[in-house]
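A.B. asks: the amino acid sequence is not available; the structure is as follows:
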C-alpha cells in the first residue's frame, strides 16, 4: 500500500514574467501560453505527490477571467485536490500581477487530471491524499464530484 500525503507536501507556487514571445501584437498573452504553464506546474505537483513520471489525461474548465499582458508576472498556485487509484486532480489558480502598480488579478483557473506511470509506462498507484484544512476538504469533495461526472460522461 502506498502511503498517504498531505496536500501541503506537494503544493507549489510558480512565477513567470510575461514577455513579447508569450503574446500577440496587441500585447495580450496567448491563452495557449498560459495553458502550457498550467500543464507544467500541474505535472510538477503530481510528480511531487506520486514521485513517479506523470502524463496529463484531461484538463477540465480552463477558465480565463481577465487578460494577461506583456510585463505581467503570472503566479501559478497549484495543489492536489483529489486522488483516485492512479490519477490526481491538480487545481491551478493563475494570478496576474502588474509589477508597476502591484495590482493582482485572478486571471485563470484550471483542473488538470494527471496519471502516474510506472517504469514500463503503465498507470501505477499513487499515495492517498490527506486534506487537512476546511478548504482542502471542500476541494477534495468537489474534485471527487468532478471525477464522478467525467466517469459518467465517458460511460454515456
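C.D. replies: Noted; the coordinates are in hand. Since the model is a prediction, treat every value here as computed from it, not as a measurement. Residues are numbered from 1 along each chain as shown.
A.B. asks: who touches the helix or strand hosting residue 151?
C.D. replies: Per DSSP states H and E: residue 151 is located in helix 134-155. When contacts are defined by Cβ atoms under 8 Å, 6 or more residues apart in numbering, helix 134-155 is touched by residues 7, 58, 60, 79, 81-82, 84, 87, 89, 91, 111, 113, 129, 131. From N, CA and C alone the C-beta is placed, and that goes for glycine too.
A.B. asks: residue 57: helix or strand, and which one exactly?
C.D. replies: Judged by DSSP H and E, residue 57 forms part of strand 53-64.
A.B. asks: and that strand, how far out from the chain's middle?
C.D. replies: 7 Å (Cα atoms, centre = their mean, to the nearest Å).
A.B. asks: by contact count, what packs against it?
C.D. replies: Other helices and strands packing on strand 53-64, by 3 or more Cβ pairs under 8 Å, 6 or more residues apart in numbering; DSSP states H and E, are helix 31-50, strand 104-117, helix 134-155.
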